[in-house]
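**Student:** Generate coordinates for the sequence data below:
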Amino acid sequence: MSAQPYTISMILLALAGSTVLLLVGVLLRQVVPKLQSLHLPASVVAGLMALVLGPEVLGPYLYQNTAAHETIDEIYQIWKVLPAYLITVVFASLMMGGPIPNPKAIWRAAAPHLMVGYIMAWGQYVVGVLVVMLVLAPALDANILSSALIAIGFQGGYGTAAGLGSTYSQLGFENGYDLALGMATAGKVIAILLGLFLINVAVKRNKLQAPEDSVKDHIKEDVPQNKANSDYRRQRREMHYSTDALVVHFSLLALAIAIGWGMKQGLLVFEGLFLAAEDEGFVQYIPLFPMALLGGIVVQVMMRWLPKSHLIDPRRIQSLGHSFLDMIILVAIATLSPKVLADNWQLLLALVGAGVGWNLLVFLLVAPRIYNNAYWARGLADFAHSTGAATTGLMLIKVIDPNDQTGAKSGFSLKQPFYEPIVGGGLVTALALPLMHVMGLGPFLVLTSVLLGVTIIAAWRLVGINRRNPVLDQ
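**Tutor:** Residues are numbered from 1 along each chain as shown. From the prediction side, this is the model:
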């Protein structure tokens, strides 16, 4: 996936085309109720449509012999390299706009979710390495870096899988981009469908409130007066900006990315002091996006010190991050290679089965012994998160308990600052490929096994382990 020189007009045309497709995806969800019932985001719907109409599926029959085929092919080439750049904006927004979390204040609510999440995360690496070492490498001559695909696709989702595009190529894993996106697609679909199935099972066993009843309760909920007043005051302040508020917030994200870039350059210089050859380094394989996340934290702290943190509207920051994430999801799906997926279906099937099997094992046997209450709601959120990324976990929580009557939504949300930057598509997820490349599978297996064991012991000592399993109780 080497970068190619594209004209500004073609880049703008590619961006415009993706936004139009997003609009089409939104409209399709409105006119096709089945898409809504499946909870497929508009970006996924639009991405699938673009994939079908693209140069590797129906494109040769629709426009290959027309004057437009070169333009459309170039748009798809631009889309293929976009995620590696857009993902930096998404990660720069993750920790900006809200208060810097206080570990002591949120430990009680977040700790059970954090422990379950880390158990699933480290286990995905252990299971992935074992499957590749024992089955896929001997039988299919699979690349050893395939071991990281479960964690990259399941926890990181489309954004991380696509954002690591240049890393796959640098490490000689040319099919990694398409395979990681295939894992992300499978994880998202399985997390939604299996999650909805488990919700129905829990409702029939009187373990959960029916989703339609949860929606009725959610509609009745009023906005607190203090929150309404706060939002109104913020809107009034924004009227006095010397430039548009959207531009101000985008500039803050750009500053976060610049700080992250500076951090990476500093690490490269520091590493160069101890290494004789540039190609021996490790930092060169670290993508920019986890550094942009750290840059976002720096910007947030700076704004609090000034103090100007009131100028940052969390909703605008989140809206920008979500918009770029939608774009990443769309172009990532649109540029999937069906041929690569078909050629590697055995590898994907083995890794998907191993990853889902491990997550289900933790959901059914381990997680209920760590949670203090709301076992099904909490477990489903963490299962969906570790299978279909954080957005799927939040989606299921909203279906189950939109008003957060169980506290599962609060605990799950408070977990994110201590999870996402590390293993949920963050630093460890980004470093897994270069670590495997440098260490080899054996040492990496030992490292992740130790981390898994330490996390289980920490859950036992710091949170506590219940003797009974409420999820399996009749």
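
**Student:** alpha carbons only for contacts and neighbour counts from here, please
**Tutor:** Will do.

**Student:** Let me see the ranges of the helices in the stretch 1-150 of the chain.
**Tutor:** Listed in chain order, the helices of the stretch 1-150 of the chain (DSSP state H, counting those that start in this stretch) span 8-31, 33-37, 42-53, 59-62, 69-81, 83-94, 103-131, 137-140, 149-151.

**Student:** now swap in the stretch 351-474 of the chain and tell me
**Tutor:** Taking DSSP H, counting those that start in this stretch as the criterion, the stretch 351-474 of the chain carries its helices at 375-400, 408-419, 427-439, 441-458.

**Student:** tell me the most buried of those?
**Tutor:** Each of these was scored by mean neighbour count; the highest is helix 375-400, a mean of 26, by mean count of other Cα atoms under 10 Å.

**Student:** low-scoring pLDDT stretches of the stretch 51-200 of the chain, where are they?
**Tutor:** Within the stretch 51-200 of the chain, the ranges that satisfy pLDDT under 70 run 98-103, 105.

**Student:** try 50 this time
**Tutor:** The stretch 51-200 of the chain contains no residues with pLDDT under 50.

**Student:** on that earlier part again, can you list the helices of the stretch 1-150 of the chain in TSV and add distance to residue 455 and mean neighbour count?
**Tutor:** Putting the helices of the stretch 1-150 of the chain into TSV (distance: least, Cα to Cα, whole Å; neighbours: other Cα atoms under 10 Å) gives the following:
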stretch	distance to residue 455	mean neighbour count
helix 8-31	40	16
helix 33-37	37	12
helix 42-53	34	23
helix 59-62	49	14
helix 69-81	36	18
helix 83-94	25	25
helix 103-131	6	22
helix 137-140	29	12
helix 149-151	17	31
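
**Student:** Help me confirm that residue 369 comes into contact with residue 467.
**Tutor:** Yes: applying Cα atoms under 8 Å, one finds residue 369 in contact with residue 467, separated by 6.6 Å.

**Student:** which residues touch the closest residue in space to residue 114 that isn't next to it in sequence?
**Tutor:** Computed as Cα to Cα, 6 or more residues apart in numbering, the closest residue to residue 114 that is not its neighbour in sequence is residue 415, at 5.5 Å. Taking Cα atoms under 8 Å, 6 or more residues apart in numbering, we find residue 415 in contact with 110, 111, 113, 114.

**Student:** ok, those residues vs residue 35, which is closest?
**Tutor:** residue 113 (29.9 Å; Cα to Cα).

**Student:** roughly how far apart are the closest one and residue 363?
**Tutor:** Going from residue 113 to residue 363 by Cα to Cα, to the nearest Å gives 11 Å.

**Student:** Overlap in contacts, the two.
**Tutor:** Taking Cα under 8 Å, 6+ apart as the contact rule, residue 113 and residue 363 both touch residue 382.

**Student:** what sits against residue 46?
**Tutor:** 21, 22, 24, 25, 330.

**Student:** Give me the pLDDT value at it.
**Tutor:** Here, the pLDDT recorded for residue 46 equals 92.

**Student:** ditto for residue 10
**Tutor:** 93.

**Student:** quick one: contacts for it?
**Tutor:** Each residue near residue 10 by Cα under 8 Å, 6+ apart is listed here: 74, 75.

**Student:** So it versus residue 123, what's the distance?
**Tutor:** With Cα to Cα as the criterion, residue 10 and residue 123 are 43 Å apart.

**Student:** so residue 42 touches residue 25, yeah?
**Tutor:** Yes: Residue 42 is within contact range of residue 25, at 4.6 Å (criterion: Cα under 8 Å).

**Student:** circling back to that earlier point, what's the closest of the helices of the stretch 1-150 of the chain to residue 305?
**Tutor:** helix 83-94 (18.8 Å).

**Student:** follow-up on the earlier one: so which of residue 369 and residue 467 has more stuff around it?
**Tutor:** For residue 369 versus residue 467, neighbours defined as other Cα atoms under 10 Å are more numerous around residue 369 (24 against 9).

**Student:** For the more buried one, give its distance to residue 400.
**Tutor:** Distance from residue 369 to residue 400, by Cα to Cα: 21 Å.

**Student:** Same check on residue 333?
**Tutor:** Per Cα to Cα, residue 333 is found 28 Å from residue 400.

**Student:** same deal with residue 112?
**Tutor:** 19 Å.

**Student:** what's the burial count for residue 250?
**Tutor:** By the measure other Cα under 10 Å, the count of residues near residue 250 is 17.

**Student:** One more: the one 4 residues further on?
**Tutor:** Other residues lying near residue 254 total 19 when counted by other Cα under 10 Å.

**Student:** next structured bit after the helix or strand where it lies?
**Tutor:** Element membership of residue 254 [criterion: DSSP states H and E] is helix 245-272. Downstream of helix 245-272, the next assigned helix or strand under DSSP H and E is helix 289-305.

**Student:** In this structure residue 191 contacts residue 388, no?
**Tutor:** Yes: using Cα under 8 Å, residue 191 is in contact with residue 388, at 5.3 Å.

**Student:** follow-up on the earlier one: so which elements touch the helix holding residue 254?
**Tutor:** Packing partners of helix 245-272 (3 or more Cα pairs under 8 Å, 6 or more residues apart in numbering; DSSP states H and E): helix 83-94, helix 289-305, helix 314-334.
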